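Undergrad: model the following, please.
(one chain, ligands or ions: 1)
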Amino acid sequence: SDRYCVIGNPIGHSKSPAIHALFARQTGEDLVYEARLAPLDGFAAAVRAFAAAGGRGANVTVPFKEEAFRLCDAHSDRARLAGAVNTLSFADGRIVGDNTDGAGLVRDLVFNLKTPLAGRRVLLLGAGGAARGALGPILEREPEAVVIANRTAARAEDLALHFAEVGPVRGCGFADLTGESFDVVVNATAASLAGEVPPLPEGVFSPDALAYDMMYGKGDTAFLAHARRLGVARLADGLGMLVEQAAEAFFVWRGVRPDTLPVLAALRAA
Ligand code: ATR
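TA: Predicted structure coming up:
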């Protein structure tokens with residue numbers, strides 16, 4: 001069997017091994033996929049050890065995606081734009097980096113949730129790594145406008161500048177959203193981790209808006225609970241994005257695209 005893994009810290013609760021095991025069974029690909037914990041100061045050593053032991057590729061998760069970018073000998077265009085890598089491929093002693101997170105988000109929105117982005121107004125909350133990874137694939141879908149809103153407005157403005165050539169995007173603080181409304185609102189902040197919700201002015205959700213949280217957990221995240229209280233029409237957590245970014249990584253490695261819907265259904269049922 002070909003060997004793959006996910007490397008992170010912490011890694012104990014990762015669903016990636018289960019997802020890739022389901023993909024492998026479904027497609028008949030002969031591979032094994034494990035979770036590996038790297039010490040906070042030992043990411044590069046963990047990658048090299050896995051490659052030396054015959055590993056063919058690895059996913060990278062929190063907090064190593066930017067370090068993974070720096071470790072790679074070559075990058076896909078989308079990884080370069082994101083400045084972060086979540087998918088490594090090992091070949092001929094080289095490490096090639098890709099980023100499937102943004103593609104996974106967009107696939108979940110467009111295919112699973114039937115929420116086209118073309119011509120729509122998209123609000124992206126947060127200006128960290130998660131937001132940066134999402135921007136390229138979102139802008140590729142030709143939305144009417146993307147607004148990045150962040151607690152630290154300057155970070156959102158910098159990020160918008162970085163993507164100015166890719167499509168119509170601007171950055172601001174949360175309070176600057178007053179009077180604007182959006183068809184799709186994606187939470188890419190870490191606020192849900194603390195049970196907090198970005199302070200959004202009333203009216204940012206258009207009447208048939210989708211509220212999407214990149215996070216997921218048992219029940220609603222803090223952001224989705226807030227959107228539900230406001231009566232937002234459609235809600236989705238990030239479990240679909242997780243499965244779709246995994247499918248995209250599987251495709252990068254194996255050239256085969258798994259059917260994600262039964263895998264997502266199995267995770268929801270578990
Ligand atoms: P990630 O890679 O997960 O995006 P990050 O780069 O640390 O992590 O970025 C975290 C994001 O969540 C940032 O946009 C951060 O806002 P600041 O840039 O102002 O720090 C945002 N964030 C974290 N906690 C938050 C909170 N309680 N309320 C609102 N935004 C929060």
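Undergrad: ok, now which ones touch the closest residue to the ligand within the stretch 51-200 of the chain?
TA: Closest contact between the stretch 51-200 of the chain and the ligand, by Cβ to the nearest ligand atom, is at residue 128 (2.0 Å). Quick note: C-beta positions are derived from backbone N, CA and C, even for glycine. For residue 128, the contact set (Cβ atoms under 8 Å, 6 or more residues apart in numbering) comprises 155, 188, 189, 190.
Undergrad: tell me which of the residues you listed fall in helices.
TA: Secondary structure defined by DSSP state H assigns residue 155 of these to helices.
Undergrad: for PyMOL, what selects the buried ones among the contacts of residue 128?
TA: Those of the contacts of residue 128 that count as buried under 16 or more other Cβ atoms under 10 Å are selected in PyMOL with:
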select buried, resi 155+188+189
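Undergrad: can you put the contacts of residue 128 in TSV and add distance to residue 79 and pLDDT?
TA: Below are those laid out as TSV (distance: Cβ to Cβ, whole Å; pLDDT from 0 to 100):
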residue	distance to residue 79	pLDDT
155	21	98
188	17	97
189	22	96
190	22	92
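Undergrad: near the ligand, from the contacts of residue 128?
TA: 155, 188, 189, 190 (Cβ under 6 Å from any ligand atom).
Undergrad: leaving out sequence neighbours, find the closest residue to the first one.
TA: For residue 155, the nearest residue in space outside its immediate sequence neighbours is residue 127; the separation is 4.0 Å by Cβ to Cβ, 6 or more residues apart in numbering.
Undergrad: what's around that neighbour, how many residues?
TA: 25 (other Cβ atoms under 10 Å).
Undergrad: pretty sure it contacts residue 147?
TA: No. Checked against Cβ atoms under 8 Å, the pair residue 127 and residue 147 is beyond contact range at 11.4 Å.
Undergrad: what helix or strand is the residue nearest to residue 137 when sequence neighbours are not counted on?
TA: Spatial nearest neighbour of residue 137, excluding adjacent residues (Cβ to Cβ, 6+ apart): residue 102 at 3.5 Å. When elements are assigned from DSSP states H and E, residue 102 belongs to helix 101-107.
Undergrad: what pLDDT is listed against residue 217?
TA: Per-residue pLDDT puts residue 217 at 89.
Undergrad: now the closest residue to it other than its chain neighbours: how far from residue 228?
TA: Nearest residue to residue 217 in three dimensions, chain neighbours excluded: residue 237, at 7.5 Å (Cβ to Cβ, 6+ apart). For residue 237, the distance to residue 228 (Cβ to Cβ, to the nearest Å) stands at 12 Å.
Undergrad: compare these two (neighbour count), which wins?
TA: Between residue 237 and residue 228, counting by other Cβ under 10 Å, residue 237 is the more crowded of the two (22 against 12).
Undergrad: what residues are shared contacts of residue 127 and residue 147?
TA: Joint contacts of residue 127 and residue 147 (Cβ under 8 Å, 6+ apart) are residue 171.
Undergrad: please enumerate residues in contact with the longest helix anywhere in the chain?
TA: Scanning the chain for the helix with the most residues, using DSSP H, yields helix 239-254. With contact meaning Cβ under 8 Å, 6+ apart, helix 239-254 is reached by 4, 15-16, 19-20, 23, 27, 29, 31, 56-57, 59, 86-87, 89, 98, 100-101, 103-105, 107-108, 112-113, 214, 216, 256-258, 260, 263-264, 267-268.
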